[in-house]
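J.: predicted model and sequence follow; I will ask about them next.
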Amino acid sequence: MVKARAHSNIALVKYWGKKDIALNLPAVGSISITLEALHTETSVVFDESLTADELVLNGRPAGEKERMRVSRFLDIIRGRHGLQSAARVNSINNFPTAAGLASSASAFAALALAASRAAGLELSGQELSILARMGSGSAARSLFGGFTEMHRGKRPDGGDAFAEPLYPADHWPLKVVIAVTSEAQKKTGSTDGMELSRKTSPYYTAWVESSEDDLSAMRDALAQKDFQKLAEISEFSCLKMHALAMASNPGLIYWNAQTLELLHWVRSLREGGTPAFFTIDAGPQVKIVCLPEAAAAIVNQLQGHPAVERTIVTALGPDAYVIE
Ligand code: 2P0
């Protein structure tokens, strides 16, 4: 049995759209930060006595949809390495899965690491990232700590579509305050949402074409540790992704009223001199990224704020690793 831990991540330059569904190749590159406080621990054992893969999620047998997704992922490892056995997989998030916080990123990164080791393979970081990508695009980034860049790649087989570490967490010890506005499960998952945008959003081509400029500007902002630039590019990429999603048909609206209220709140905070900006994924939570000295005051001000159910504060996290 091998148990591994991987941390969640949030993209500052967003991934939205696939150029190949079967291999899960992203249409755009992305840049993310890995989050220390949110992680998944997954154990895997291949067992010849099992007739089918078993999946326990947060202490309970998983639904058939989740089990099949994990089983298809294990098939990639089995197929490549001539393994026949089914596996017992046990996965625990230290954060509520229903809270609309990214769970597939840390889940498939931890699974890629644990399952490949349990199969007797010692994969490189790049190989693990490619493997994790086939489970979930954002998972390719969760293998690495700190600041990470995912490449969209050019090869049709996806051999160059992997994530790489840009900087370790201590390059720039940013903090993230997650403002949870609703614990309700989202209606349209990312995979379906991305396909809808690719097929129907008139902004899709412009989104793909403009992505390289955002990545390049973000690399500069990180190299220079220029917070103002970091804030502007991140908010731009986030709002552009949501505009793309909203312009799908039918439109995808991941925000609620509280989300929008908090966007204005964060903007006015920054105008008042607080080094903070927002980013939002395919759900209604607002992630406020800030310089470390600003985090405590932001949390204080959000306490009792009518738009916020609760907050989670985190520093930047480490690489994925094997626990036992
Ligand atoms: C990201 N998101 O860059 C973007 C921004 C959500 C919004 O990657 O279909 O679960 O499994 O490759 O990675 C979430 O989508 O999608 C995501 P799949 P994934 O973080």
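T.: Yes, it's here.

J.: flag every residue of this protein that's near the ligand.
T.: Within the chain, the positions lying close to the ligand (Cβ under 6 Å from any ligand atom) are 11, 14-16, 24, 30, 104, 136-138, 190-191, 281-282. Backbone N, C-alpha and C define where each C-beta goes, glycine included.

J.: turn those residues into a markdown table, including secondary structure and pLDDT.
T.: Below are those laid out as a markdown table (DSSP: H, G, I helix; E, B strand; the rest coil; pLDDT from 0 to 100):
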| residue | secondary structure | pLDDT |
| --- | --- | --- |
| Ala11 | strand | 98 |
| Lys14 | coil | 98 |
| Tyr15 | coil | 98 |
| Trp16 | coil | 98 |
| Asn24 | coil | 98 |
| Ser30 | strand | 98 |
| Ser104 | helix | 93 |
| Ser136 | coil | 97 |
| Gly137 | helix | 98 |
| Ser138 | helix | 97 |
| Ser190 | helix | 93 |
| Thr191 | helix | 94 |
| Asp281 | coil | 95 |
| Ala282 | coil | 94 |
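
J.: which of the residues you listed tops the neighbour count?
T.: Gly137 (30 neighbours; other Cβ atoms under 10 Å).

J.: wait, it sits on Gly153?
T.: No. Using Cβ atoms under 8 Å, Gly137 makes no contact with Gly153, being 11.8 Å away.

J.: for this protein, what spans make up the helices?
T.: For the chain, the helices defined by DSSP state H cover 64-81, 104-118, 125-135, 190-200, 204-224, 227-246, 257-271, 295-302.

J.: can I get the residues of the chain next to the ligand in CSV with distance to Ser216?
T.: Formatted as CSV, the residues of the chain next to the ligand follow (distance: Cβ to Cβ, whole Å):
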residue, distance to Ser216
Ala11, 16
Lys14, 15
Tyr15, 16
Trp16, 18
Asn24, 24
Ser30, 13
Ser104, 27
Ser136, 25
Gly137, 20
Ser138, 21
Ser190, 25
Thr191, 27
Asp281, 22
Ala282, 25
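
J.: mind picking the two most distant members of those residues?
T.: Of all pairs drawn from these, the greatest distance, 17.4 Å, lies between Asn24 and Asp281 (Cβ to Cβ).

J.: domain parsing of this structure, as residue ranges.
T.: According to automatic domain parsing, the chain comprises the domains 2-171, 175-315.

J.: could you say which of those is packed most deeply?
T.: Mean neighbours per residue, mean count of other Cβ atoms under 10 Å, is largest over these for domain 2-171, with a mean of 20.

J.: kindly check the end-to-end length of that domain for me.
T.: Counting by Cα to Cα, to the nearest Å, you get 31 Å between the two ends of domain 2-171.

J.: quick check: bridge partners of Thr314?
T.: Thr314 has these beta-bridge partners by DSSP bridges: Val176.

J.: my guess is it contacts His39. True?
T.: No. In this structure Thr314 lies outside contact range of His39 using Cβ under 8 Å: 10.1 Å.

J.: for Phe95, give me the pLDDT.
T.: Here the pLDDT value assigned to Phe95 is 84.

J.: grab the nearest non-local neighbour of it.
T.: In space, and not counting its chain neighbours, Phe95 is closest to Leu38: 4.8 Å by Cβ to Cβ, 6 or more residues apart in numbering.

J.: and the residue nearest to Asp226 when sequence neighbours are not counted, how far from Ser234?
T.: Nearest residue to Asp226, sequence neighbours excluded (Cβ to Cβ, 6+ apart): Asp220, at 7.6 Å. Note on Asp220: its distance to Ser234, by Cβ to Cβ, to the nearest Å, is 13 Å.

J.: who's in contact with Lys287?
T.: By Cβ atoms under 8 Å, 6 or more residues apart in numbering, Lys287 lies in contact with Ile10, Val176, Val177, Ile178, Ala179, Phe278, Thr279, Ile280, Asp281.

J.: for Asn90, same thing?
T.: With contact set as Cβ under 8 Å, 6+ apart, Asn90 has these partners: Thr42, Ser43, Leu55, Val56.

J.: partners of it in the sheet?
T.: Under the criterion used (DSSP bridges), Asn90 bridges to Ser43, Val56.

J.: mind putting the helices of the chain in CSV, distance to Arg88 included?
T.: Formatted as CSV, the helices of the chain follow (distance: least, Cβ to Cβ, whole Å):
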stretch, distance to Arg88
helix 64-81, 11
helix 104-118, 10
helix 125-135, 18
helix 190-200, 26
helix 204-224, 40
helix 227-246, 37
helix 257-271, 39
helix 295-302, 39
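
J.: looking at the contacts of Lys287, which is nearest Ala243?
T.: Of the contacts of Lys287, the one sitting nearest to Ala243 (Cβ to Cβ) turns out to be Ile280, at 11.9 Å.
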